[in-house]
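Asks: I'll drop the sequence and a predicted model, then ask my questions.
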Amino acid sequence: DAGVIQSPRHEVTEMGQEVTLRCKPISGHDYLFWYRQTMMRGLELLIYFNNNVPIDDSGMPEDRFSAKMPNASFSTLKIQPSEPRDSAVYFCASSSYGGTAFNQPQHFGDGTRLSIL
Amino acid sequence: LAKTTQPISMDSYEGQEVNITCSHNNIATNDYITWYQQFPSQGPRFIIQGYKTKVTNEVASLFIPADRKSSTLSLPRVSLSDTAVYYCLVGDMRVDSNYQLIWGAGTKLIIKP
């Protein structure tokens, strides 16, 4: 049973470049979450989707960040242009429905470690 | 604004029981309390979830008092492989009636031989 799959695992790029992170959620899950993790700020929820529709993007730090979910099996998080302060580990997670978005366990991928030089 | 508070770090020894407490002063009525474990270079992994009183599964127990303003994760007879960061998570209703997730800052648990 495949879990949440993220790619790439590591990304190193120069400031100003476009970065695209990819996520394949667990089949049948209704919710998909994008997180950012840093030492300073811990785990931050950036955006979450329900049935491919963005529900809350209030955690997206600024307009340089965008996320899409064109179908139930794929989502992207894009940063354009990237800046050194975007360096972090980005996680994707998915869950099934349980009354609210948050009352079912989330299943996380292993993350993308992003370094912006 | 809701907030979760948990100890930054804890040490214990193999074979001991470890209890990690998280305070969450403004949990929403319908929301559950969930605990996750994270190893280096991996995403958080679900451990246990509860609403009130006590929940037990094959790896941990979760104790939640009646007021639900805190929860305690109990790990029985820990081993070296339990060394990890442990997060508590609660949902909270925001003033605009949307929900938000409140993650604790994580407790780094170190198990010694």
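Replies: Alright, I've got the coordinates. Bear in mind that the values here come from a model prediction, so they are computed numbers and not experimental data.

Asks: show me where pLDDT drops low in chain A?
Replies: Chain A contains residues with pLDDT under 70 at A:1, A:99-101.

Asks: For it, what lies in contact range of chain B?
Replies: A:4, A:42-43, A:45, A:56, A:58, A:91, A:93, A:99-103, A:105-111 (C-beta under 8 Å from any C-beta of the partner chain). No exception for glycine: its C-beta is placed from N, CA and C like everyone else's.

Asks: If we use 6 Å, what do you get?
Replies: For chain A, the contact set with chain B under C-beta under 6 Å from any C-beta of the partner chain comprises A:42-43, A:45, A:56, A:91, A:100, A:102-103, A:105, A:108-111.

Asks: could you say what helices and strands the worst-scoring helix or strand of chain B on mean pLDDT packs with?
Replies: For chain B, scoring each helix and strand by mean pLDDT, DSSP states H and E identifies strand B:99-103 as the least confident one, at a mean of 79. Using 3 or more C-beta pairs under 6 Å, 6 or more residues apart in numbering or on different chains; DSSP states H and E, the elements in contact with strand B:99-103 are strand B:84-93.

Asks: pLDDT averaged over the strand it packs on - what is it?
Replies: Taken as a whole, strand B:84-93 carries a mean pLDDT of 87.

Asks: quick one: it to strand B:99-103, angle?
Replies: Here the directions of strand B:84-93 and strand B:99-103 differ by 160 degrees (axes from the mean of the first three to the mean of the last three C-alpha atoms, to 10 degrees).

Asks: Looking at the residues of chain A next to chain B, which is nearest chain B?
Replies: residue A:108 (2.9 Å; C-beta to the nearest C-beta).

Asks: For that closest one, the count of nearby residues, please.
Replies: Other residues near residue A:108 number 24, with proximity taken as other C-beta atoms under 10 Å in any protein chain shown.

Asks: Confirm for me that it is in contact with residue B:43.
Replies: Yes - between residue A:108 and residue B:43 there is a contact under C-beta atoms under 6 Å: 2.9 Å.

Asks: Mutual contacts of the two, please.
Replies: Residues touching both residue A:108 and residue B:43 (C-beta atoms under 6 Å, 6 or more residues apart in numbering or on different chains) are residue A:91.
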